[in-house]
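Asker: Return a 3D structure for these sequence lines:
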Amino acid sequence: MLPTAFARGQVARGLSRVDTVKARAVAGSLDGVPDGRLRAVRDAAGERATVQFAARYGRSGVDLLEGLNDRAAGRLAAIRADRAFQRRLVESYDTSPDVSAADVGAGVRRYRSYDGLRAASYTNLVRRGGPRAVDALGAFDDDTLKRFLDASAGYNDQRLFVQVADDDAAGIVDSFDEETLTTYLDAELITRESPLSEP
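Answerer: Just a heads-up that it's a prediction; the model follows:
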């Protein structure tokens, strides 16, 4: 029998593509999410997307939904166009003690607010940089991150900088004006021997 808290929302529609055994496990894990949070996620993402999010990421995904505020949790579950970005956020939170729910929440908010080249740069940095990128970019304030993403340096230089500078990235970027930042990144002052991305 499905847990009543989520069954009331006609969870069967969302479980239509999930086998019965997994359906029960997914519904059971979702029943542990506070009712208010679950309603907020379901309202933002829809019942099917909410259940499929839990089926896709299991307990780690549900734990993240519990850790985020209502708006961020709903927006995370609602991501459809870039599942690789969504997966990186969930994996980063699950596998790295340095990545907080606040880092993930900032990532979701930025994903929704950026467009064009800025959005492409940001999502690529997260997708290819993994937990280290989620943690480092989460420490940026909005204005500093926009300056970093909009710098005329190449994407690979930005990605390498985030990987190497790690927790110091935000402070370094904040200390430079636009011209100095671009020169710093383009001048390849960061060692090329460092890894470009997480496995």
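Asker: helix or strand for the nearest residue to residue 112 once chain neighbours are set aside, which one?
Answerer: Leaving aside its sequence neighbours, residue 112 sits nearest to residue 75 (C-beta to C-beta, 6 or more residues apart in numbering; 6.0 Å). Where you see a C-beta, it was placed from the backbone N, CA and C, and this is true even at glycine. Residue 75 is part of helix 70-78, with elements assigned from DSSP states H and E.
Asker: What residues of that helix count as buried?
Answerer: Buried residues in helix 70-78, counted by 16 or more other C-beta atoms under 10 Å: 70, 72, 73, 74, 75, 76, 77, 78.
Asker: next one: stretch 33-43
Answerer: Neighbour-count burial for stretch 33-43, counted by 16+ other C-beta under 10 Å, picks out 33, 37, 38, 40, 41, 42.
Asker: try stretch 128-143
Answerer: Buried positions in stretch 128-143, judged by neighbour count with 16+ other C-beta under 10 Å: 128-140.
Asker: Distance from the chain centre to the helix holding residue 75, please.
Answerer: Centre-to-centre, helix 70-78 and its host chain are 11 Å apart (C-alpha atoms, centre = their mean, to the nearest Å).
Asker: and the residue lying closest to residue 96 once chain neighbours are set aside, how far is that from residue 80?
Answerer: Setting aside the residues directly before and after it, residue 96 is nearest to residue 131 in space (C-beta to C-beta, 6+ apart), at 3.5 Å. Using C-beta to C-beta, to the nearest Å, residue 131 is found at 23 Å from residue 80.
Asker: list the helices and strands the strand or helix carrying residue 106 packs on?
Answerer: Assigned by DSSP H and E, residue 106 falls within helix 101-113. Counting contacts by 3 or more C-beta pairs under 8 Å, 6 or more residues apart in numbering; DSSP states H and E, helix 101-113 packs against helix 47-67, helix 70-78, helix 83-95, helix 116-138.
Asker: what's the second one packed up against?
Answerer: Contact partners of helix 70-78 among helices and strands, from 3+ C-beta pairs under 8 Å, 6+ apart: helix 35-45, helix 47-67, helix 83-95, helix 101-113.
Asker: Redo the buried residues of stretch 128-143 as a markdown table? Include pLDDT.
Answerer: As requested, the buried residues of stretch 128-143 are exported to a markdown table (pLDDT from 0 to 100):
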| residue | pLDDT |
| --- | --- |
| 128 | 90 |
| 129 | 89 |
| 130 | 90 |
| 131 | 93 |
| 132 | 90 |
| 133 | 92 |
| 134 | 94 |
| 135 | 92 |
| 136 | 90 |
| 137 | 92 |
| 138 | 91 |
| 139 | 89 |
| 140 | 90 |
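Asker: Closest one of those residues to residue 122?
Answerer: Using C-beta to C-beta, residue 137 is the member of these that sits closest to residue 122, with 7.5 Å.
Asker: what stretches of this protein score poorly on pLDDT?
Answerer: Residues of the chain that meet the criterion pLDDT under 70 lie in 1-28, 32, 187-199.
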